[in-house]
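>>> Return atomic coordinates for the entry below.
(2 chains)
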Amino acid sequence: MTLRADDDGVTVHPREFPTNRGGLCQKGWTAADLLDHPDRLTTPLLRDPATGELRPASWDAALDRIVAGIRAVQDSAGRDAVAVFGGGGLTNEKAYALGKFARIGLRTRHIDYNGRFCMSSAAAAGMRAFGIDRGLPFPLADLGRADTLLLVGANPAETMPPLVRWLTEQRRSGGKLIVVDPRVTATARQADLHLQPLPGTDLAVANALLHIALTEGWVDHRYVAERTTGFEAVRREVAAWWPARAEQLSGVPVADLEATARALGTGGRVIILTARGAEQHAKGVDTVSAYVNLALALGLPGRVGSGYGCLTGQGNGQGGREHGQKADQLPGYRKIDDPVAREHVAGVWGVPAEDLPGPGVPAYQLLDSLGTPDGPRALLVFGSNPVVSAPRAARIERRLRDLDLLVVADLLLSETAALADVVLPTAQWAEEDGTMTNLEGRVLRRRALRPPPPHVRTDLAIISDLAARLAPDEAAASDAAARFPADPAVVFAELRRASAGGAADYAGITWARIDAADGVHWPCPSEDGPDTPRLFADRFATPDGRARFHPVDHRPAAEEVCATYPLHFTTGRVLAQYQSGTQTRRVAALRRAAPEAFVELHPDLAARLGIDDGDPVLVTSRRGELRAPARLSAGIRPDTVFAPFHWAGAARANSVTNDAVDPISGMPEFKICAVRVEKA
Amino acid sequence: MTTRIVIIGNGMAGARLAGELHAREGDRKVTVLGAEPHRAYNRIMLSTLLAGRIGEPDVELTEAAGHGIDLRTGVPVTAVDRPAREVRTADGERIPYDHLVLATGARAVVPPLPGLDPADLPRRVVPFRTLDDCRRIIAAADGARSALVLGGGLLGLEAARGLATRGLTTTVVHHTEHLMERQLDPAAGAVLAGTLAGLGVTVQLAVPATGVVADDTGVRLDLADGRSLRAGLLVLSCGVRPDTVLARAAGLTVRRGVVVDDRLRTDDRNISAIGDCAEHDDALTGLVAPAWAQARVLADVLTGTDPLARYRPRPVVTRLKAAGIDLAAMGDAVGGEPGEELTFTDPARGTYARLRIRDERLIGAILLGDNPAVGTVIQLFDRGHPVPADRRALLLGRALGATAAAPAASPALMPDAATVCQCNAVTKGALVRCWRSGARTVDAVVAATRAGTGCGGCRDAVGGIVDWLSEAESVEVTR
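Numbers count the residues shown, from 1 in each chain, chains lettered A, B, ... in the order given. The predicted structure is shown next:
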């Protein structure tokens, strides 16, 4: 989009761009509404020890308090007692700087980010199959030309409306759209075929689809032989998933499974996409692997116009997971336990490799350890609101309260910021330069329209200030300030060097090149060389160049329904709200469109429970409860209830969700747990 | 001390148990003794193999390996020595156990007909049970033009369908009045026979066979009504009988199958039985789902993962799904017990549905042909969940409800409060007000209201409303 500032403030203007083709939903149109919003934080806040209230303070006072708090914790409990929590909305420059600040500024191993709750399962499955994790290994425009498009647990009509333009184009050109979702979503309504499985059974559905493809002869055996390894084990695993077995488990009729497999197996250009519905499970990685296996068996990845991809959840959901915010990662999508990667990055940072800490722990494990005897005692949060967004949120709220020091940098007083000892007001997106990377691996520019208000600083400036103040003396302080520049252009130049040679190689990407070309796709190792809109044409990013199959089997949800908690509970988004709602709940137009939380349930279930449309209902799990009005919908299974996760307080969906996590990705099981529902 | 578990049988039950044990923590040695020489395979896929659609490697299953699992195929067991706690194999080896699991399965029944010696069947007469049977059928079918199948139960029909797919003219001979009489009512049986006819499978009903004459070129099946049918081969599908030879010889309690309790234990606490050879609560299983459920329970008990785990049989769903046939049968769809009954018949398209409901729960159903709610019906039956208030949903599935409201035929009929653009929350009223305040083109209305600027899906609707406003001289707008 393009922004213009005039006497009436900042206005948004759509921009014709290859990704969204000029489309904006209401969130985009109103994105500037928060720039001059009365709730905006315009000064640091410090908690008054006497009254316990947050009070406005100077930057000096706020930063001094943080530095004193960090030093006290480090002195008493060591460097790993200070932790950092980032966000998938931060620019590449900020994500990079935050990871660097944690590793060589604070020298803690404890950094992770909210993308763990978003992209981690798809990322892990992509890494183990392809050796690389880029949401789409092909341009988004390919969706519009697909003969068959399978969306698994994705609802872009509500979560990413401009993307639906590609779906419309796809169907207008005669393509077939198939949606897998336990609810009849706005996206499912547009589908030619909608599979409505019981939550938590997507993996079995995928294995049954591959079983059918095998028995019908649709497997591309030549591709399998030439471009992959490990198919035998997968073939034996899916032999146990004959369609009738998957039908009984998932409720998806065999005929629909067969129709889906046929459309995938006999189409020319075929794309399979997963999103959070399939991924936010304690078996999220295996579920994605099941769909990757299917795509590989059909010979899709690397074939022009076909492939597997995942839809990204946050503004910088792709770039945010590439440059070191993750507990086990260094810039360029390198592994922190890889000696070669450590040498390279330490060289760019000007420190000995042995000074770099080892891997930390994934987000939920980190949050759940806060304030405990072995866990961190201080936490710095940038661009995230775990009080609303973490699973089993009431417990995480208690953990945050147990900290010696909680610092939150945000533009609004989020529910997490409200618990903080120090709140730092940050610049908004229209007030800073930088880059973001979209789901296509396309690096995009963000340009500042105006400077931040007085007394508001950018995240980069905050990191730079903190690094300098944490230094033991004047000389070290000036050295630290140089090491953590506040200028995003300088940071990006360093990010390029740090990422050079890594999987996500930005070395050849410059801001000027991005401006000239509607974005640049990584990997792009050389300024003179080409970028990479399409991956996998000749080889995969594995040592032998072949994609790897992984045999995966269905397993039950971490928490199954029982007599006391007889219903499945699942969560998701609504069109007019975003993430923890800190921003969108404050935009008047969005509040009008989606004023409050709700609990969606089937009219039959509601009738049995004596609940009418609009009645207040209480949803209870073993971990907590949620109160919101009932919204009756025939589009949800009668054994399942749904609530959006954008609201806080009594309507907080994550009070109810399960904190079981995927053993590989650390992804929490947001999408299924067992609940009881009653009239409140 | 390491627990030594010996499993006799590497079929669907035995191999599954090995996998379940493999997946659980603990230190133990598991020896699996399979009489057949093959890897574990999926018996359910044999009819697809018979149809020639897949190869033998495609029916192989994942085998537990390593981690204390010793899998030995082609090793028949000849005896169980309970006092010594040993099993003896055909080649004389003695294998000690702490716990023994019988997963010996079942054997095909060879009907007592003149011309059929179970110990020495003619080459062109083959039961349909094992992978080797399947190989023999395929060998006999090679070059043959026609086939007979004796027995019109589930497996017989799967075999017939497979043979027809290979291009053989296939006839099913069944002794009772209609096919699959244990699962279907006469009406469903008739619809099914019609469906099979369309697929090249002829059905001869209510005719017992009286004898078989076979040589190297063909088979003749004599019927009680005096007719004789000739074909290149005869497939026997006359049911199975639990393989209880070892259990009987070892003195365990055997009725139709090896009798086990809720923990799958025989009357020897060191011996269990699962799968087709086991009889639990007076019932044989005969299907994969209960065998796998038993394997899970037994693994929980034996490993101590859940010592209180108990096998609770679940209602059985019979499913026949092959190209052109879609049949699901469950529970008591026919019985005389009181209850609601839903039926739907469309003979022209071979669709038949009969569902019985009591106390808001399905007690039985037969669904044949294109029944879009079949997945829902199976889940409701399997889980005992209440049925929909509007019973039509059980017959019509997603065709009923849950779809978007049809767009109003004319914008005039659309209420002002109706949302036209979901992405930007623009109502019809807002579009009308915009037009009245001076916007006269679609682009102008879009620019002012942002309707159609998100997913773009409502562009046509916005255009329609602008056209309608332009054509109407005067439009009443509710404010």
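>>> Tell me which helix or strand A:Y223 sits in.
helix A:221-227 (DSSP states H and E).
>>> Any idea how far that helix is from the middle of the chain?
33 Å (C-alpha atoms, centre = their mean, to the nearest Å).
>>> Sort out which residues of it are buried, please.
A:Y223, A:V224, A:R227 (16 or more other C-beta atoms under 10 Å in any protein chain shown). (Each C-beta comes from the backbone N, C-alpha and C, glycine too.)
>>> and those residues as a markdown table, adding pLDDT?
Below are these laid out as a markdown table (pLDDT from 0 to 100):
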| residue | pLDDT |
| --- | --- |
| A:Y223 | 98 |
| A:V224 | 98 |
| A:R227 | 98 |
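>>> ok, A:G87 - contacts?
The contact partners of A:G87, by C-beta atoms under 8 Å, 6 or more residues apart in numbering or on different chains, come to A:Y113, A:N114, A:G115, A:Q314, A:G320, A:F382, A:G383, A:S384.
>>> Sorry, wrong one. I was asking about B:A51.
B:R161, B:G162, B:L163, B:T165, B:R166, B:A322.
>>> how many neighbours does the third one have?
Residue neighbour count, defined by other C-beta atoms under 10 Å in any protein chain shown, stands at 33 for B:L163.
>>> Assess the claim that it and B:A141 are in contact.
Yes. Counting by C-beta atoms under 8 Å, B:A141 is a contact partner of B:L163 at 6.3 Å.
>>> okay, and the common contacts of these two?
With C-beta under 8 Å, 6+ apart as the test, B:L163 and B:A141 both reach B:A147.
>>> Show residues contacting the helix holding A:Y223.
Identification of contacts with helix A:221-227 by C-beta under 8 Å, 6+ apart yields A:F231, A:L296, A:A297, A:G299, A:G302, A:F540, A:R546, A:A547.
>>> In a markdown table: those residues, plus neighbour count, pLDDT and secondary structure.
Below are those laid out as a markdown table (neighbours: other C-beta atoms under 10 Å in any protein chain shown; pLDDT from 0 to 100; DSSP: H, G, I helix; E, B strand; the rest coil):
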| residue | neighbour count | pLDDT | secondary structure |
| --- | --- | --- | --- |
| A:F231 | 19 | 98 | helix |
| A:L296 | 31 | 98 | helix |
| A:A297 | 26 | 98 | helix |
| A:G299 | 20 | 98 | coil |
| A:G302 | 21 | 97 | coil |
| A:F540 | 22 | 98 | coil |
| A:R546 | 18 | 98 | coil |
| A:A547 | 27 | 98 | strand |
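>>> Identify, from these, the entry nearest to B:S470.
A:G302 (50.9 Å; C-beta to C-beta).
>>> Please report phi then psi for that closest one.
With angles defined as degrees, to the nearest 10, A:G302 sits at phi 90, psi -10.
>>> and residue 277, how many neighbours does it have?
All of this refers to chain A. 28.
>>> wait, I meant chain B there
31.
>>> so how far is chain B from the closest residue to A:T228 other than its chain neighbours?
Distances taken as C-beta to C-beta, 6 or more residues apart in numbering or on different chains place A:A547 nearest to A:T228, at 4.8 Å, with adjacent residues excluded. Between A:A547 and chain B the distance is 20 Å, computed by C-beta to the nearest C-beta, to the nearest Å.
>>> ok, which stretches of the stretch 101-250 of chain B are strands?
In the stretch 101-250 of chain B, the segments counted as strands under DSSP state E, counting those that start in this stretch are B:106-108, B:125-127, B:146-150, B:169-173, B:201-204, B:209-214, B:219-223, B:228-231, B:233-236, B:240-242.
>>> Can you name the residues of the stretch 201-350 of chain B sitting close to chain A?
B:V288, B:A289, B:V317, B:R319, B:K321, B:D326 (C-beta under 8 Å from any C-beta of the partner chain).
>>> Just name the lowest-scoring one in the residues you listed, pLDDT-wise.
Minimum pLDDT across these is recorded for B:K321, with 83.
>>> Pretty sure A:P243 is one of the things it touches, is it not?
Yes. In this structure, B:K321 is within contact of A:P243 by C-beta under 8 Å, at 6.4 Å.
>>> between the two, who's got more neighbours?
A:P243 (24 against 20).
>>> could the contacts of B:A51 be laid out in TSV, adding pLDDT and distance to A:I272?
Supplementary listing: those in TSV, determined by pLDDT from 0 to 100; distance: C-beta to C-beta, whole Å:
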residue	pLDDT	distance to A:I272
B:R161	95	31
B:G162	94	31
B:L163	96	35
B:T165	93	29
B:R166	94	33
B:A322	79	26
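>>> quick check: longest helix of chain B.
Using DSSP state H, we find that the single longest helix of chain B is helix B:288-303.
>>> Can you name every helix or strand that that helix contacts?
In terms of contacts (3 or more C-beta pairs under 8 Å, 6 or more residues apart in numbering or on different chains; DSSP states H and E), helix B:288-303 is packed against helix A:243-250, helix B:12-22.
>>> residue in chain A nearest to chain B?
Per C-beta to the nearest C-beta, A:V164 is where chain A lies closest to chain B, at 3.4 Å.
>>> need the contact list for the residue nearest to that residue when sequence neighbours are not counted.
Nearest residue to A:V164 in three dimensions, chain neighbours excluded: B:C455, at 3.4 Å (C-beta to C-beta, 6+ apart). By C-beta under 8 Å, 6+ apart, the residues touching B:C455 are A:G23, A:C25, A:A157, A:P161, A:P162, A:L163, A:V164, A:R165, A:T168, B:Q422, B:C423.
>>> and the residue lying closest to A:A674 once chain neighbours are set aside, what pLDDT?
Spatial nearest neighbour of A:A674, chain neighbours left out: A:Y565 (3.7 Å); criterion: C-beta to C-beta, 6+ apart. A:Y565 is assigned 98 on the pLDDT scale.
>>> give the contact list for A:Y565.
Contacts of A:Y565 (C-beta under 8 Å, 6+ apart): A:E559, A:T620, A:S621, A:R622, A:A674, A:V675, A:R676.
>>> Swap in 6 Å and give it another go.
Contacts for A:Y565 were tallied using C-beta atoms under 6 Å, 6 or more residues apart in numbering or on different chains; they are A:A674, A:V675, A:R676.
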